[in-house]
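1. coordinates only, sequence not included:
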């Protein structure tokens, strides 16, 4: 009888479901513009050529009249603490944004009418700056039409002396001081010979281009060869120091690399905006560069579909598996160069716990290339839960207390000993029967502890001191909730399974969460600009900002495929181009048939992707939170959005 009732109920349920489905509105096809179907790039328009000429004119108008002890460009960013003070610059935000592309700065804007006590309060002694930049402008009239060279300026003559005293009082005599003077020639005459400034840069007009380019010049993004075209009381016609650019990223108009800006909008913006309309992701950051020149760096959309908070360039995304090539991999590459680590050794040589396990003979090269027979898709977090779905009380606490300092969400702390349980679970996990490519995070979870054992430094500290600080990549960090305001942290998933909250600043990956947010498989956060610096370091064979971080041969070795004969396209940690079979059986080249064999990169589960191509110097960075509000949104993969955007870069560059 019960069986008959069950069958009847099942039939009713099926009929009800079919009727409900028949009433649903037909699903609209998602239409995303395809780069190959767009019109071929046209020559740069006359309008854009005029814009380019205006920028080149601004570049040639800048004159470096003083550069004591070769202070500029600043090389060792890991040793400088920069304070920037603006006075009289109406668009001070332009300067702030341009400088922050290169380094962390303390920034304050001062009004010429501010009373002395107000100025003193703004010059915070707590900054501890050893480099002070004073950007001062006289914008009251057009300097090109109303001021003749050498004519006395009505700007108060005591201002230069006053600022020299202020800077000395606020930062001490030892702080190196840089003057950026924007104004008429007489303005330079008044300021330019101040003995207190180690470097003096002059530009006649504080328009967007001169502000942007002068900021880049401080860090070597651009060079300078301008000469004074007139005699002044303290300077002579023809004076000007030539400065060569450094091997840091520079920021240019698309036209400076031979691309019309309208073409970028047609090819890139159209794909992004269509993706946001179709709720493939709520927002994103996109950066495109060629041979070290960033010609496109734009943020789109909002943090979520509902909150209306626009994505900014300095917002931080959860980078997911892109962490692998930005954190443990470069760390191991540097240790390899130092002779502390060898990629062809067994993992048990560095991880003694594996010597008495089924993994005693596993090679590090195989771990890095995902062919060490470790099982893919292993989830460890269910071990921390009761069958009822409740948290195991011996493992979790609702507050931080002794023994429970590993924070996995805003309301949940894990016992400090749990990483050892993760290591043990990985050690004791069964191996696949055959050695073949199988993407697994498990090996990468171990690398931070391995790196700590080899260096005696905490994993985070090693990365900061030996990589990120020198690159000026201050946004790259683990556990950003400790350091960054929540408004700058892009949410990922509304986690209904494990942490029961919207994740914002807490790592999305559950295994990384069990490690306290610091792991080698995931956990790093950052913005597109700082991600690009690490990728550009690889493109430049281990050198950036006149500093070598790793050997050129090491970079070539780690970014190469070593196991193609066994159908494994991977490098050591890096993804590489290769053939893949889609769900419907058709073959394709990942990530695009346009990339070269030398190219490399990685994708991330949250909707991130990086790719670099040494053959043509192309660099692509894409950061999104496609897992908001749920990871079940797979449209970014099924529609191949990241590959379409990558192909747009190749079409723009003329491949």
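-> Yes, it's here. Model, not experiment: these values are computed from the prediction.
2. Between the two ends of stretch 538-551, how far is it?
-> 10 Å (C-alpha to C-alpha, to the nearest Å).
3. what do you get for stretch 285-300?
-> End to end - C-alpha to C-alpha - stretch 285-300 spans 6 Å.
4. any idea of the mean pLDDT for it?
-> Per-residue pLDDT over stretch 285-300 has a mean of 98.
5. starting at the chain centroid, how far to that stretch?
-> 11 Å (C-alpha atoms, centre = their mean, to the nearest Å).
6. wait, what's in contact with the nearest residue to residue 242 once chain neighbours are set aside?
-> Closest residue to residue 242 apart from its sequence neighbours, by C-beta to C-beta, 6 or more residues apart in numbering: residue 225 at 4.8 Å. Every C-beta, even on glycine, is put in place using the N, C-alpha and C of the backbone. For residue 225, the contacting residues are 60, 240, 242-243, by C-beta atoms under 8 Å, 6 or more residues apart in numbering.
7. Buried ones among the residues you listed?
-> For the contacts of residue 225, a burial check counting by 16 or more other C-beta atoms under 10 Å picks out 240, 243.
8. quick one: the residue nearest to residue 242 and residue 245, what's the gap?
-> 11 Å (C-beta to C-beta, to the nearest Å).
9. What of residue 639?
-> Residue 639 is 39 Å from residue 245, by C-beta to C-beta.
10. Same question for residue 490.
-> 32 Å.
11. Of these two, which one has the most company?
-> residue 490 (27 against 16; other C-beta atoms under 10 Å).
12. Next up, the contacts around that one.
-> Residue 490 touches 283, 303, 311, 315-318, 504, 625, counting by C-beta under 8 Å, 6+ apart.
13. Report the contact partners of residue 519.
-> Contacts of residue 519 by C-beta under 8 Å, 6+ apart are 323, 444-445, 448, 507, 509, 511-512.
14. what does residue 293 give?
-> Applying C-beta under 8 Å, 6+ apart, the residues contacting residue 293 are 249-252, 256-257.
15. quick one: which of those residues is most hemmed in?
-> residue 249 (28 neighbours).
16. Could you report the pLDDT at it?
-> For residue 249, the model assigns a pLDDT of 98.
17. Can you tell me how far it is from residue 298?
-> Residue 249 is 15 Å from residue 298, by C-beta to C-beta.
18. per-residue confidence for the residue nearest to residue 304 when sequence neighbours are not counted?
-> Among residues not flanking residue 304 along the chain, residue 282 sits closest, at 5.2 Å (C-beta to C-beta, 6+ apart). Residue 282 is assigned 98 on the pLDDT scale.
19. Any regions of the stretch 401-550 of the chain where pLDDT drops low?
-> Residue ranges of the stretch 401-550 of the chain with pLDDT under 70: none are present.
20. just the strands in it please.
-> For the stretch 401-550 of the chain, the strands defined by DSSP state E, counting those that start in this stretch cover 406-409, 412-414, 477-478, 494-495, 501-502, 524-526, 543-544, 547-548.
21. Check which helices and strands the third one sits against.
-> Translated: strand 477-478. If contacts are counted by 3 or more C-beta pairs under 8 Å, 6 or more residues apart in numbering; DSSP states H and E, strand 477-478 sits against strand 524-526.
22. hang on, the earlier thing: between the contacts of residue 519, which is nearest residue 345?
-> residue 444 (16.8 Å; C-beta to C-beta).
23. residue contacts, the closest one?
-> Contacts of residue 444 (C-beta under 8 Å, 6+ apart): 324, 328, 367, 519-521.
24. just residue 75 next, same as before
-> 220, 246, 545-547.
25. repeat for residue 413
-> 396-401, 404-407.
26. what about it, distance to residue 397?
-> Distance from residue 413 to residue 397, by C-beta to C-beta: 5 Å.
27. tally of neighbours for residue 227?
-> The burial count for residue 227: 14, using other C-beta under 10 Å.
28. need the contact list for it.
-> Here residue 227 is in contact with 63, 237-240 (criterion: C-beta under 8 Å, 6+ apart).
29. Check residue 127 too.
-> 81, 83, 106, 171.
30. okay if I get these as JSON lines plus neighbour count?
-> Shown next, in JSON lines, are the contacts of residue 127 (neighbours: other C-beta atoms under 10 Å):
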{"residue": "81", "neighbour count": "16"}
{"residue": "83", "neighbour count": "23"}
{"residue": "106", "neighbour count": "16"}
{"residue": "171", "neighbour count": "22"}
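31. Please flag which of the residues you listed sit within helices.
-> residue 171 (DSSP state H).
32. Let me have the contacts of residue 127 in CSV, adding pLDDT as columns.
-> Output for those, formatted as CSV (pLDDT from 0 to 100):
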residue, pLDDT
81, 95
83, 94
106, 94
171, 80
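33. tell me which of the contacts of residue 127 is nearest to residue 566?
-> Nearest member of these to residue 566, counting by C-beta to C-beta, is residue 81, at 50.1 Å.
34. Could you measure from the closest residue to that closest one other than its chain neighbours over to residue 112?
-> Spatially, and ignoring its direct neighbours in sequence, residue 81 is nearest to residue 129 (4.9 Å; C-beta to C-beta, 6+ apart). Residue 129 sits 22 Å away from residue 112 when distances are taken as C-beta to C-beta.
35. do residue 45 as well
-> Applying C-beta to C-beta to residue 45 and residue 112 gives a distance of 41 Å.
36. One more: residue 560?
-> 58 Å.
37. Tell me how many other residues crowd the residue nearest to residue 518 when sequence neighbours are not counted.
-> Distances taken as C-beta to C-beta, 6+ apart place residue 478 nearest to residue 518, at 4.6 Å, with adjacent residues excluded. Using other C-beta under 10 Å, residue 478 is surrounded by 23 other residues.
38. neighbour-wise, which of residue 129 and residue 112 wins?
-> A direct count of neighbours by other C-beta under 10 Å for residue 129 and residue 112 places residue 129 higher, at 25 against 14.
39. Surely the more buried one touches residue 85?
-> No. Between residue 129 and residue 85 there is no contact under C-beta atoms under 8 Å: 9.8 Å.
40. Residue 648: which of the contacts of residue 225 is nearest?
-> residue 60 (32.3 Å).
41. phi, psi of the closest one?
-> Backbone torsions for residue 60, taken as degrees, to the nearest 10, come to phi -70, psi -20.
42. Also the one 4 residues further on?
-> Its backbone dihedrals place residue 64 at phi -90, psi 110, with angles given as degrees, to the nearest 10.
43. List the residues that contact it.
-> Contacts of residue 64 (C-beta under 8 Å, 6+ apart): 72, 199-202, 217, 224, 226, 240-241, 243.
44. Among these, which are located in helices?
-> Per DSSP H, the contacts of residue 64 map to helices at residue 217.
45. among the contacts of residue 64, who's most crowded?
-> Most crowded among those, counting by other C-beta under 10 Å, is residue 201 at 30 neighbours.
46. What distance do you get for that residue to residue 73?
-> From residue 201 to residue 73 the distance is 11 Å (C-beta to C-beta).
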